[in-house]
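*Asks:* coordinates only, sequence not included:
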């Protein structure tokens, strides 16, 4: 048995997981059916395959699945509004600096369907978007925690068509709406 420690950036880690997800079934099927490997070695391979599959599908509670986001974006088309609740003030939300480096705040040049409405942890509130209550909205922060709070807040204020998209850390989800 050997231990392999890999330190990768988050982007490289996603690519690494994707590659492993593609190769692992081939490796596992060869190893688990090969008589030269002990039963305990086959069990370790199977257990690690299941752990990797679980890790690749982990999202924060409430973050919509990539397929659900894709369908939502397609159905909404130009009516979609993306609500970015990240805070660029590093003294208030230091964790947002990483996601802001990857994905800029909305502007006229980038992310034209997005608005920037900061989620305030102290008041558990945010400004409401100036749109109809049935407008299709995707909320997001860096990874989905405040995006879920924003979704819940909007729904409590009468918005009826809201999903939590997670954020840039949720690369598969972000790919579905991040450019909007």
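*Replies:* Yes, it's here. Just so it is clear, the structure is predicted and the values come from calculations on it, not from any experiment.
*Asks:* low-confidence stretches in this protein?
*Replies:* 1-57 (pLDDT under 70).
*Asks:* try 90
*Replies:* Applying pLDDT under 90 to the chain flags residues 1-60, 95, 102, 108-109.
*Asks:* where along it do the helices fall?
*Replies:* Along the chain, counting by DSSP state H, helices occupy 10-33, 39-56, 66-76, 96-102, 145-156, 171-177.
*Asks:* can you tell me how far residue 95 sits from residue 125?
*Replies:* Look at residue 95 and residue 125: by C-beta to C-beta, to the nearest Å, they are 20 Å apart. Every C-beta, even on glycine, is put in place using the N, C-alpha and C of the backbone.
*Asks:* the more surrounded of those two?
*Replies:* residue 95 (16 against 13; other C-beta atoms under 10 Å).
*Asks:* residues in contact with the nearest residue to that one once chain neighbours are set aside?
*Replies:* Among residues not flanking residue 95 along the chain, residue 142 sits closest, at 6.0 Å (C-beta to C-beta, 6 or more residues apart in numbering). Residues in contact with residue 142 (C-beta atoms under 8 Å, 6 or more residues apart in numbering) are 86, 95, 96, 98, 99, 167, 168, 169.
*Asks:* what's near enough to touch the fifth one?
*Replies:* Residues counted as contacts of residue 99 (C-beta under 8 Å, 6+ apart) are 86, 141, 142, 143, 167, 168, 169.
*Asks:* repeat the analysis, applying 10 Å as the threshold.
*Replies:* The contact partners of residue 99, taken as C-beta atoms under 10 Å, 6 or more residues apart in numbering, are 10, 84, 86, 93, 140, 141, 142, 143, 167, 168, 169, 174.
*Asks:* these in strands, which ones?
*Replies:* 84, 140 (DSSP state E).
*Asks:* farthest pair in the contacts of residue 99?
*Replies:* Greatest spatial distance among the contacts of residue 99 (C-beta to C-beta): 10 and 84, at 18.9 Å.
*Asks:* only whichever of the contacts of residue 99 are buried, select them in PyMOL.
*Replies:* Buried members of these, defined by 16 or more other C-beta atoms under 10 Å, are picked up in PyMOL with:
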select buried, resi 84+86+93+140+141+142+143+167+168+169+174
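*Asks:* right, I'll call it a day here.
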